[in-house]
Structure formats: structure tokens, C-alpha cells
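A.B. asks: got a predicted structure here, sequence first:
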Amino acid sequence: MPDLDQTARCSLVLAPLLLGLCAIVMSGAEALAFPVQPPAPPAPPAKPVSRSDNITLFSGSDEDAYALVQPGQGRVSMSGQGRYMNEVDRLKRSVKGEFLWFRQDGKSYLIQDAALLARVGEAWKPLDKLSAEMDVLSARMDAYGKAMDGMGKRMDDPARADGKQASAPELRQQQKQLRDLSRQQRDLNRDIALAVRQLKAASGDKRQAAEEEVERLQDQLEAVQEQTEQLQDKAADRFDAAADNSKALGGQMTNIGKPIKELGKQMSALGKEQQRVSRDADKAVRKLIREAIDNGKAVPAASR
């Protein structure tokens, strides 16, 4: 199961796509690009929980919430809104060993069968590898973004060095517009990452609504990126008339923009795979829960 270090917070993690970052679609970054910040801000816990464990809180319904508690690894992975986190924390102190807690028809149950718990872990195992790969891509994107940001701050220099004072106001206005668009892209990327993470535990009408929300945000992101590309083309025309220093800077930005675009495609593809794998994993866990109920391996939590 995916894991996120929690010293004093619970994080909504992508079960997803991707997240955060699943679902990050980068396009139109050929001539000039600005940094994309993949990680979504952490969501605060609904109620206080134990600070000694790593907590992973998946967005989902509390009516059919479930949590895998792994004391040996210091992990608690929960699907739900956190309403029952205190109950899980209490059971963690009273129940020995690993267990799966879940809600069914308004009641709480426990599963401690080792073989079944191992199957639950296996169901989520493929997502661990994908999450690690997304972390690597996100780190690379962040590095490229910082490089582009540094170059963007130098955009004023060529106009002044060139001595073409008449074109400087127009260039500065273009720079301001690009920075505004960059901020919009960062905000949309964070929103997409969060929406994809919330999609993981949704079902029925909620899943359809969550998928539509992700698509809506991606459409907005693509529209902003198209505006950015158009403005970049205008900025490129201005740089064509600038001195050698300006041309060299534009070339550097173009060279960095190409791998950013390719990296964005990789993140988008990986995010979609995360979304698919997480859906399958969640279905598998819920199937195992039904199996445990049928064969009597699930016992009422109130009896513990």
C-alpha cells in the first residue's frame, strides 16, 4: 500500500493518478516554460491520531471505510474521511499484530487472518512501484522548473543590454503575463493531483463525478498551456530581434523546454496507470472483505 510519512499530519495520497501528479499534462513548453509543482498540499486530519505511525488517508466514504494497520511497519492506511480514525487508533493499542478494520452496514469489523492480510498487501503492492517512479519524475520536473524559473528572471536583462528601450515595456508586460499563467498552471496541477487522489476511493455516481472533475481541470490546464504557448511565440519574436545574449538565453530555455514536455508526457502516462492500478487494488480489497464476512474471518470490532 502506498505510504506517506506523517509526523503531524495525514496526507491525501493518490491512489491514483497523478498524482498527483497523476494527470499532469504538459504541452506547449517548447520555447519557454515555467515550473510545475507536482505535489498537492496535505489535507489536515479530521481528528487527532497517533503520532508514532505513518498515516495514509485515502479519500472515500466513511460508510464503507476500511483501514490496514501494520504495527510492525508503523503504518496505518485508511480509506475514508477520517471519521473513525480514533476508533482505529484505539484498536491499534488493544489488538495485537496486524489487522484490517472495516465498516459494514453501520458496524465495525476486524480481520486478523494472516493469509488474507497478505493478500490485501499484495493487492496494493503494484502501486508502491508506480508511486516510487512518480516521485522520481516529480523530482526531475522540479529541477527543470527551477532552472526555467531562474532563466525567466533574467528575461529583463537582454532588453536593457540591447539598448532597445522602446521594446522594454512590451517585453515586461509579456513576462508578467507568463508569470501569471505559470501560477495558474501550478494551481491547476495541484488541483488535478488532489482530484485524482480523491478519485481513488470513489464509487458509483461519486466516481463518475470525480472523473468528470479531473477531466474538467485537465481541460482548464490545457487551455492555460495553449495561452502560454501563444504568448511564448510572441516573446520568441521579441527575442529574435535582441542581441546575442538574448538569443543564447532563448536557446537555453528551448533546450530545457523540450525535456520538460517529454517529462510531462511520462508523468501523464504514469498517472493514468496509477489510477487504473489503484482502482483494481481497491476492488480487490473490498472483494477480500466480502470473502472474510462469508467465511467468518471477520469478527465484530466491539468484541475486542
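C.D. replies: That came through fine.

A.B. asks: kindly state the pLDDT recorded for Gly80?
C.D. replies: The per-residue pLDDT reported for Gly80 equals 73.

A.B. asks: and for it, the neighbour number?
C.D. replies: Neighbour count for Gly80, taken as other Cβ atoms under 10 Å: 23. All C-beta atoms are positioned from the backbone trio N, CA, C, and that covers glycine.

A.B. asks: strands along the protein, start to end?
C.D. replies: 11-12, 54-58, 66-70, 75-79, 99-104, 107-111, 298-300 (DSSP state E).

A.B. asks: the longest one pairs with which strands, and in what direction?
C.D. replies: Applying DSSP bridges to the sheet, strand 99-104 is found paired with strand 66-70 (antiparallel), strand 107-111 (antiparallel).

A.B. asks: and for the last one?
C.D. replies: Using DSSP bridges, the strands paired with strand 298-300 in its sheet are strand 107-111 (antiparallel).

A.B. asks: quick one: closest of the strands of the chain to Gln230.
C.D. replies: strand 11-12 (34.1 Å; Cβ to Cβ).

A.B. asks: what about that closest one, average pLDDT?
C.D. replies: The model assigns strand 11-12 a mean pLDDT of 32.

A.B. asks: and what of stretch 129-139?
C.D. replies: What stretch 129-139 shows for mean pLDDT is 86.

A.B. asks: buried ones in that stretch?
C.D. replies: 130-131, 134, 137-138 (16 or more other Cβ atoms under 10 Å).

A.B. asks: can I assume Gln225 is in contact with Gln184?
C.D. replies: No: using Cβ atoms under 8 Å, Gln225 is not in contact with Gln184, being 9.5 Å away.

A.B. asks: counting neighbours, go ahead and name the busier of the two.
C.D. replies: More crowded of Gln225 and Gln184, by other Cβ under 10 Å: Gln225, with 21 against 18.

A.B. asks: low-confidence stretches in the stretch 151-300 of the chain?
C.D. replies: Applying pLDDT under 70 to the stretch 151-300 of the chain flags residues 152-168, 200-201, 204, 235-250.

A.B. asks: recalculate using a threshold of 90.
C.D. replies: 151-272, 274-283 (pLDDT under 90).

A.B. asks: how about the helices in it?
C.D. replies: Assigned helices in the stretch 151-300 of the chain, in chain order: 156-162, 168-199, 204-240, 244-294 (criterion: DSSP state H, counting those that start in this stretch).
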